[in-house]
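A.B. asks: Sequence and predicted structure, then a few things I'm wondering about:
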Amino acid sequence: MEKETFFQEIEHVEVPWDERRIWVPVFYRDTLSMQVIFLASWQKLKTLLPSSRMYPIRVMPRQGLLAISAYAYKENDLGPYNEVAVSIPFTLDRPTPAFTGIIRKAPAETWLYIHQLPVTTQIALDAGVKFAGYPKFLADVDFEEEGDWISCRLVDGEQHILTLSGRKLDMQAVPRSRRHAFTTRGGRLLRSELVMSACQAGISRNAGDARLELGDHPIAREITDLAPGRMLAYQYTPHVQAILTPVIESFSV
């Protein structure tokens with residue numbers, strides 16, 4: 001991973017924020033990530049989206065996609081912190097037909113509604129809520145490695161929410177990618193962009209390479225109610241760089 005070339009010639013500005021200062025956009029210089037994509041009930045996913053304009057991507061006639069991701073932000077402008085994201089890939093205004101991503105072409109770029117986003121530090125929470133309306137709350141997010149497996153355990157107080165585990169796979173080259181993160185605030189849909197560098201990652205469609213264990217927390221029960229089914233994809237990325245923009249676009253709900 002080339003340490004700094006990904007960020008070259010990008011304006012990186014320190015701006016006042018309450019009694020502190022913060023860098024914009026946020027540079028993530030070294031991140032470990034795990035992401036698992038599951039099939040889930042399309043209709044139940046639709047009820048979680050905050051706007052009738054938003055449609056879960058329809059992979060099967062009655063199923064959409066649920067993404068559960070875990071991040072260890074080891075070096076970034078906000079200081080080290082960990083995070084878990086529960087998100088829903090969607091399209092705006094135009095629903096996709098069944099079998100999108102299987103026999104029909106998937107959207108070129110990923111639009112994600114961020115439904116839950118627990119984090120481990122106060123500054124990461126404050127910055128996310130203040131600048132983009134991210135649905136953040138403080139929780140314990142702990143990574144452990146055992147043999148060729150890595151796991152992330154998410155706990156809120158004394159309640160276990162989930163544990164996401166995945167195999168450390170053989171690496172392959174992954175190109176630069178862009179994800180559009182959507183939140184809601186003040187009756188508006190807000191869009192930010194996360195640009196991720198080219199990197200080395202392990203990718204699998206084998207359900208035996210990833211596991212999801214759900215606890216008894218309300219978020220865990222909500223995920224259970226979505227009926228997460230077969231795993232469609234798992235990606236393990238031990239090192240990636242990223243740039244997170246502020247909100248750059250607003251839509252009516």
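C.D. replies: Received it, and whenever you're ready, just let me know what you need. Residues are numbered from 1 along each chain as shown.
A.B. asks: in the sheet, who's paired with the residue nearest the centre of the chain?
C.D. replies: In the chain, the residue lying closest to the centroid (Cα atoms, centre = their mean) is Ala85, at 4.5 Å. Here Ala85 sits in beta bridges with Ser69, going by DSSP bridges.
A.B. asks: how about it, what does it touch?
C.D. replies: Counting by Cβ atoms under 8 Å, 6 or more residues apart in numbering, Ala85 touches 67-71, 114, 116-117. In short, each C-beta sits where N, CA and C put it, glycine included.
A.B. asks: for Pro80, same thing?
C.D. replies: By Cβ under 8 Å, 6+ apart, Pro80 lies in contact with 72-74, 121.
A.B. asks: Which other helices and strands does whichever strand or helix holds Thr163 contact?
C.D. replies: Applying DSSP states H and E as the criterion places Thr163 in strand 159-167. Applying 3 or more Cβ pairs under 8 Å, 6 or more residues apart in numbering; DSSP states H and E, one finds that strand 159-167 contacts strand 26-41, strand 63-76, strand 81-92, strand 149-156, strand 210-214, helix 218-225, strand 231-244.
A.B. asks: any idea of the angle the fifth one forms with strand 63-76?
C.D. replies: Meaning strand 210-214. 100 degrees (axes from the mean of the first three to the mean of the last three Cα atoms, to 10 degrees).
A.B. asks: and what of the third one?
C.D. replies: Here strand 81-92 runs at an angle of 140 degrees relative to strand 63-76 (the same axes, to 10 degrees).
A.B. asks: State the next helix or strand along the chain beyond strand 81-92.
C.D. replies: Counting by DSSP H and E, the next helix or strand C-terminal to strand 81-92 is strand 110-116.
A.B. asks: And for that following strand, what's in contact with it?
C.D. replies: 48-50, 54, 67, 84-92, 134-135, 177-183, 219.
A.B. asks: Show me what the next helix or strand after that strand is packed up against.
C.D. replies: Next in sequence after strand 110-116, counting helices and strands by DSSP H and E, comes helix 122-132. On a contact count with 3+ Cβ pairs under 8 Å, 6+ apart, helix 122-132 meets strand 81-92, strand 177-185.
A.B. asks: from these, which stretch is densest packed?
C.D. replies: Greatest average neighbour count among the helices and strands packed on helix 122-132 goes to strand 81-92 (a mean of 21), per mean count of other Cβ atoms under 10 Å.
A.B. asks: Report the rounded mean pLDDT for that strand.
C.D. replies: Averaging pLDDT along strand 81-92 gives 97.
A.B. asks: Likewise for stretch 45-63?
C.D. replies: Rounded mean pLDDT across stretch 45-63 is 96.
A.B. asks: Now do the end-to-end distance for that stretch.
C.D. replies: 9 Å (Cα to Cα, to the nearest Å).
A.B. asks: Could I get the buried residue list for that stretch?
C.D. replies: 45-46, 48-51, 54-60, 63 (16 or more other Cβ atoms under 10 Å).
A.B. asks: Lovely, talk soon.
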